[in-house]
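# prediction below, plus the sequence it came from.
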Amino acid sequence: MKLRRCIIPVFLFLAFGLEGKTQSPDIGGYRPEQLEEMAEKNNAEPVDDSYLTGLDQFSRHPLNMNEASEEELIQLQIPDVLQIRNFLLYRSMLGSLLNIYELQAIPGWDMETIRKILPYVKVEQNESLYVSIKERWKGGDSDFLIRTSRVVEKSLGYDNKTKPNASYYTGSPENIFIRYTYNYKQLLGYGFTGEKDAGESFFRGAQRYGFDFYSFHFFLQHAGLVRSLAIGDFTVNLGQGLIQWQTFSLVKSSQTLGIKRESPCLKPYHSAGEFNFHRGLGISLQKGKWQSTLFVSYRKISTSLEADSIGQEPVFTSFQNSGYHRTAAEIADRNNNSQFATGANARYETRNFSMGFNLVHFHFAQPLQKRDALYNLYSLKGKNLSDFSMDYSYTLGNLHLFGEFARDQWLHGASVQGALISFGEHLDLGFLYRNISPAFQSLYSASFTENNTPGNEQGLYSGLSFKPGAGIRCDMYYDMFVFPWLKYRVDCPSRGRDFFFQVAAQPDKLCHLTASYKQEMKPINGMDQTNPMPALTYPLKKRIRIETDLNLSRSLQFNSHMEWLIINSAGLPPQHGFLGMAGMAIGKSGLTASSGVCFFETDNYDTRIYAYEPDLLYKFSLPDFYGRGLHYYINLHMDLLRSGRRAVNPLRVSAWIKWDQTFYRGVSSVGSGLDEIPGNRKSEIKAQVLVQWL
C-alpha cells in the first residue's frame, strides 16, 4: 500500500490547505455521492437522462414560483416534501411572492436549498399560463444532439472474426446516439432517438436499418381536461413504486430524508436505455380534485428463450435488459418475445390529502420460467402478471405521512409506510417501514428497499437531518432489514443493517466541506473457517469519505475527495480499498474545461469504488475503480456559434469532447471476456455536438 501512503498527504493538503470559495458540484438536486450510491447498487451507470434534460428546460424557461404547482416543484427534485408543503401553505396564506429573496422567509427553506433552486425559478406577477394547443407548435425550443464514443484499444471481441466457431462482435467499436426534441415550455414536446452500442452493426447485417434502437415520443400537458397525453414511448410511475416505477429515483444516500417516491404518473421517454419504458398510449384526465390515468402498451422485448424439456412451447428464463445485440447469440435473443401492458390509476387529491388506486397487467407471448434453483421458488411464472395497490399521503402541520399497500394476482402482499417530521429549522426526521412477501411479484418497480426490486424483505429505516448552526448540517440514517427467504448467493434466510453519518460544513456561500462514514453488513455465502462447510457470512464494510469543493476565482473551481474502504470477514484478513481524486474546472465566455486525476488502490473487485466525474451534457460518468492504477480525464466544451436572442430564430451550436485514460499497475490485460484488452491501459474518447433553435 505504498501508493496510498504517498497520495494521502497530497490530498489532505488539497482538501484543507487551499483558501478559496466554490459552489459544490451539484447535479440539480443531487450530489455526486448520491449518484455513486445509485451506480453501486445497480452495478451500472444511470442511462435515464430525463431529469437532466428537464433541468435544462427549467434553466431556459424558469418556473414562476407564483404559479408553480406541487407537481412542477417535485420535478425539480430539489426541495423536499415538507419544504414544498410549507411553500404552498406560505403562498396560499400570504399571496404571491414579491421577489426571489422572499424564499428565505419560508419555514424550512435553508440557504443550500435556495442556492440549488435559483437557476431554475423566477418570481413574476400576473404571468399568463394559458397557451392554446395551436400556439404550442411554434415558438418552442428545438434541439438536435449527436454523440459518439469509443474505446481506443481493441478488445478481443473485435479480433475473433477469423477464428471458427468463436464468438465475436459483429459491428464497429463506436457508440452512436442521436436525438431530436421539440419542447414548448414543457407543455408540448415530441422527438425521436436512435442509438447504436459499441460492437453492434450499423446499416448492415442484423441492423440493416441503421440503429439498433429507435424511439419516438409525443407529450402534451395541461390542455383542458387532459392533464397529460403520451404517445409513443413513455414511463409510468405509481404510488411508492411497489408495482410500477420507471423513472429516475434515489437509493439510500446522504439525502437521508429522500425516502418518498415522487413523480408525475406519465412522463415522456427519450433516453438510450432499451428496457425500462412503455410503448403505446397513455392519458391522464383531471376534473377538480379527481385525476384518472389509463395506459396501454405493446412492444417487442429481448429475452433468453429455451426449448421446453417435454416438447411444449419455448419458455424464457430472464429478460435481456442490457440492450446489447453485438454477438450472434445476443442478436438471436433480440425482440424474440412480445409484451402487452395496460394499467390505470384513479386519484383524489386535496391540499393536505391524496389517495390513489393503481392497477397494472402484463402479458407475454412466451411464458416465463426461471431456472430451477431454490431461491427462485417464489419467482414469477407463466405469461401473465397483474398487480394492484392503494397509495396515500397526508399532511398535518409538520407531519407528513405516506405509504402504499399492494397485492399481486395471487394476493401476495407488499407494504411501504413512511413518515417525515419537521421539528423546526434545525431538525427533521424520517421513518420508513416495509414488509414485502417473498412471493410478491412485480415488474418495472423500484420502491425504497434494500433489494433492487420489491420482494422478500422486511425493514425499518430511520433518517435524521440536523442543522446545529449556520452552515453546518449533520445527516444520519440507520436501516435494519430481514430477508425471510433465500436470495441469489444467500442460501438461507438472513438479515443485515446499514449505518451512515455525514457532516457538511459551508462556512460561506462558495465553500463546501464534507466528511462521511458508512458501515454496512449484508449476508453472502461463504465458508466457515473452523469447519470447511458452506456457511452464511456477514462481511462488515466500512467506508470513510472526505470531500472538498472550492472556488478559487470566478472562473476557476476545484474539488477533491478521498475514500477509504475496509471489508472485515470472520476468519479472513481485511480487504482494503483507497481512492483519491482531484479535479478543477476553468470557465470563460463560450469555453469551459474540466480535468481531473484519480489514484486508486484496492485489493480486489469487492473493494471497488465508484467515483463521479464530469461528462458530456446529459451524460453520467460513474466509473468503478479496482486494482491499482491511475486515471485522468480532460473534458472540453465550446460554443461554436451563438446568435443573439433578438434574432428571429436564435441558433446555438455547442460541442463537447472528452478524453479519459486509465493505467493499471501489474496486469497484462484489462477487462474480461470479449471486452478484455491486452495491455495495462484503457482509453476512451467521446464527442458531442448540440444544435439548438431557441
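Nice, I can see it.

# now this protein, which segments are flagged as low pLDDT?
In the predicted model of the chain, residues 1-28, 126-129, 160-165, 308-311, 527-534, 644-649 satisfy pLDDT under 70.

# and the helix or strand harbouring Thr514, what does it pack against?
Counting by DSSP states H and E, the element that carries Thr514 is strand 512-521. Under the contact definition 3 or more Cβ pairs under 8 Å, 6 or more residues apart in numbering; DSSP states H and E, strand 512-521 sits against strand 494-505, strand 540-551. In short, each C-beta sits where N, CA and C put it, glycine included.

# so which bits of that strand are buried?
His512, Leu513, Thr514, Ala515, Ser516, Lys518, Gln519, Glu520 (16 or more other Cβ atoms under 10 Å).

# the fifth one contacts Gln34, doesn't it?
Just to be clear, that refers to Ser516. No. Assessed by Cβ atoms under 8 Å, Ser516 is found out of contact with Gln34, at 11.5 Å.

# give the intersection of the neighbour lists for those two.
Ser254 (Cβ atoms under 8 Å, 6 or more residues apart in numbering).

# give me the angle between the strand holding Thr514 and strand 540-551.
170 degrees (axes from the mean of the first three to the mean of the last three Cα atoms, to 10 degrees).

# starting from strand 512-521, tell me which strands it pairs with and how they run.
If you go by DSSP bridges, strand 512-521 pairs up with strand 494-505 (antiparallel), strand 540-551 (antiparallel).

# distance from the chain centre to the first one, please.
Centroid displacement of strand 494-505 relative to its chain, using Cα atoms, centre = their mean, to the nearest Å, is 20 Å.

# dump that strand to PDB, keeping only the CA atoms.
Extracted C-alpha coordinates of strand 494-505, given in PDB (Å, rounded to 0.1, in the frame of the first residue of the first chain):
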ATOM      1  CA  SER A 494     -30.800 -13.700   6.600                       C
ATOM      2  CA  ARG A 495     -30.600 -10.100   7.900                       C
ATOM      3  CA  GLY A 496     -28.400  -7.000   7.600                       C
ATOM      4  CA  ARG A 497     -28.000  -3.400   8.600                       C
ATOM      5  CA  ASP A 498     -26.700   0.000   7.300                       C
ATOM      6  CA  PHE A 499     -25.500   3.000   9.200                       C
ATOM      7  CA  PHE A 500     -24.500   6.300   7.700                       C
ATOM      8  CA  PHE A 501     -23.300   9.600   9.200                       C
ATOM      9  CA  GLN A 502     -22.200  12.800   7.400                       C
ATOM     10  CA  VAL A 503     -21.200  16.300   8.500                       C
ATOM     11  CA  ALA A 504     -21.200  19.000   5.900                       C
ATOM     12  CA  ALA A 505     -19.800  22.500   6.600                       C
END
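
# quick one: neighbours of Asn525, just the number.
14 (other Cβ atoms under 10 Å).

# partners of it in the sheet?
With DSSP bridges as the rule, Asn525 is bridged to Leu536.

# for it, give its distance to Trp485.
For Asn525, the distance to Trp485 (Cβ to Cβ, to the nearest Å) stands at 15 Å.

# now do the strands in the stretch 51-200 of the chain.
Along the stretch 51-200 of the chain, counting by DSSP state E, counting those that start in this stretch, strands occupy 63-64, 121-122, 141-151, 175-184, 188-196.
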